[in-house]
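In: after the sequence you'll find the predicted model.
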Amino acid sequence: MTIVLNPVWVNGVQKIKVVPQAPPKPPRGLVPPALDDSVHFTRCLKQLRSKDKSIEKYIYLTQLKDADHRTFYKLCMENMPEITPLIYTPTVGDACLQFSHIYRKPEGLYVSIKDKGNIGKVLRNWPRINEARIAVVTDGKS
């Protein structure tokens, strides 16, 4: 999903304003023809809210991002106060602690102490470097 940021001036200070854009629909044939986006969105939100623990919600959102990134980002944008704590602090700290128990597939870029002196080379291995817009860096501790 592309988010366009426009600079605006408020009291002499430049700030960034998000210009909402709907993600493009997938080409015909890549989703069921009877799929209603609004019904699907409502079902995903209901399923997310049915989870009891934040870590369960985090796992669900991670799976949703892989399976249907359009719906994932729409959920995030339209429910930001509810979802941000699930995909960032404090839940990501718990996810780091439980990483070996909830690991599904590689996601992101991993830099270890063994990469000391070669971090630039590791960063250049990111396959979608031109799409990178944000980096969240953690030492893996809670």
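Out: Yes, it's here. Numbering: from 1, shown residues only.
In: every contact and neighbour count from this point should use C-alpha atoms.
Out: Noted.
In: pLDDT weak spots in the protein?
Out: Across the chain, the ranges flagged by pLDDT under 70 are 1-10, 12, 14-15, 18-23, 132-134, 136, 140-142.
In: which residues of it fall in strands?
Out: In the chain, strands defined by DSSP state E lie at 4-10, 13-19, listed in chain order.
In: chain center to stretch 110-127, what's the gap?
Out: In this view, stretch 110-127 has its centroid 22 Å away from the chain centroid, taken as C-alpha atoms, centre = their mean, to the nearest Å.
In: pull the residues that contact that stretch.
Out: Applying C-alpha atoms under 8 Å, 6 or more residues apart in numbering, the external contacts of stretch 110-127 come out as L109.
In: can you give me the helices in the chain?
Out: Using DSSP state H, the helices of the chain run over 37-50, 54-67, 69-78, 80-87, 91-97, 99-102, 119-123.
In: flag every buried residue along the third one.
Out: If you call a residue buried by 16 or more other C-alpha atoms under 10 Å, then helix 69-78 has these buried ones: H69, R70, T71, F72, Y73, L75, C76.
In: ok, the last one next?
Out: Taking 16+ other C-alpha under 10 Å as the neighbour-count basis, helix 119-123 is seen to contain no buried residue.
In: CA atoms of it as CSV?
Out: Provided in CSV are the C-alpha atoms of helix 119-123 (Å, rounded to 0.1, in the frame of the first residue of the first chain):
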residue,chain,number,x,y,z
ILE,A,119,26.0,-4.0,8.2
GLY,A,120,25.9,-1.9,5.0
LYS,A,121,26.4,-5.1,2.9
VAL,A,122,23.6,-6.8,4.9
LEU,A,123,21.2,-3.9,4.4
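In: quick one: residues contacting L48.
Out: So L48 contacts K57, Y60, L61 (C-alpha under 8 Å, 6+ apart).
In: let me redo that: T71
Out: F41, L64, K65.
In: what of F41?
Out: T71, L75.
In: against P106, how distant is it?
Out: From F41 across to P106, the span is 26 Å (C-alpha to C-alpha, to the nearest Å).
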